[in-house]
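**Q** take this sequence and fold it.
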Amino acid sequence: MKCALITGGSRGIGRAICLKLAQESDYHILINFQGNQVAAQETLAQVEALGKTAELIQFNVANSDDTQAALNAWVEQNPEAKVEVIVNNAGMAKDGLFMWMQKEDWQSVLDVSLNGFFNVTNFFIQKMLRNRYGRIINVVSVSGVKGTAGQTNYSAAKAGVIGATKALAQEVAKRNITVNAVAPGFIKTDMTAELDEKELVKMIPANRFGEAEEVADLVSFLASKKSGYITGEVININGGIYS
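**A** Model (predicted):
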């Protein structure tokens, strides 16, 4: 059984990626979620409605022990399974000006994005190297590429993942494992629902917010065999916003 694991797969971009990979690949979809069981079940039902198989796997990517325990249990139950694709999508934002930022708001955002990348990817990387195949896709952000005021913590976390993407790509390329990052701009999801879309659209040359499905299309390509000569890249998907 060949599998694709999507962290933060219950809603938004994560859900769109689960559905797109179900549509465009033969992977068994592992939908990671932390707390929102109802949303995760919905994603699972939508994947199964496409005639594909999936399962839920609950753990907090920011917590090393929690991640190890959940993934070890899954591997024990599925000794023949191979995770060929990892999409590190789980993230969180706690926006605010740096001068008023609490340590907890700094730490928790870094823990989810940066430590989450480490906890999940590190668990599987030796297995991928042995199997001589893998696709690792990290969902970062325009904030990690150009920095966004009011998001020093989020920008730092995503920029850290970008650096890790470029370094790890060089370490594992010989074994047919690619490591790439996808950097969305403003995408219509729950996370951006509170934003003033009318005002922000003025900054976007494409004159609209992106759709989660558009990000999922890009991830699906990077998760496929077609993208084998692309690695260490940060692909912006932002309608033309640059600093």
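**Q** please confirm that residue 29 is located within a strand.
**A** Yes - under DSSP: H, G, I helix; E, B strand; the rest coil, residue 29 sits within a strand.
**Q** got a list of what it touches?
**A** 3-4, 6, 9, 18, 21-22, 47, 52-55 (C-beta atoms under 8 Å, 6 or more residues apart in numbering). (Each C-beta comes from the backbone N, C-alpha and C, glycine too.)
**Q** which parts of this structure are strands?
**A** Taking DSSP state E, the strands of the chain run over residues 2-6, 28-33, 54-58, 82-88, 134-139, 177-184, 187-188, 210-211, 234-237.
**Q** how close does residue 196 sit to residue 16?
**A** 23 Å (C-beta to C-beta, to the nearest Å).
**Q** the more surrounded of these two?
**A** Counting neighbours by other C-beta atoms under 10 Å for residue 196 and for residue 16 shows that residue 16 has the greater number, 25 against 7.
**Q** for stretch 57-67, list the C-alpha coordinates in PDB.
**A** Only the C-alpha atoms of stretch 57-67 are listed here, as PDB (Å, rounded to 0.1, in the frame of the first residue of the first chain):
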ATOM      1  CA  ILE A  57      -4.500   9.900  11.900                       C
ATOM      2  CA  GLN A  58      -4.700  12.200  14.900                       C
ATOM      3  CA  PHE A  59      -1.700  13.900  16.400                       C
ATOM      4  CA  ASN A  60      -0.300  17.300  17.100                       C
ATOM      5  CA  VAL A  61       2.700  17.800  14.700                       C
ATOM      6  CA  ALA A  62       4.200  20.300  17.100                       C
ATOM      7  CA  ASN A  63       4.500  17.600  19.800                       C
ATOM      8  CA  SER A  64       7.400  15.200  19.200                       C
ATOM      9  CA  ASP A  65       6.200  12.500  21.500                       C
ATOM     10  CA  ASP A  66       2.600  12.700  20.200                       C
ATOM     11  CA  THR A  67       3.800  12.500  16.600                       C
END
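**Q** other residues contacting that stretch?
**A** Contact partners of stretch 57-67, identified using C-beta under 8 Å, 6+ apart, comprise 5, 7-8, 30-34, 37, 40, 69-71, 74, 88, 90, 108, 111-112, 115-116, 119-120, 123.
**Q** good, wrapping up.
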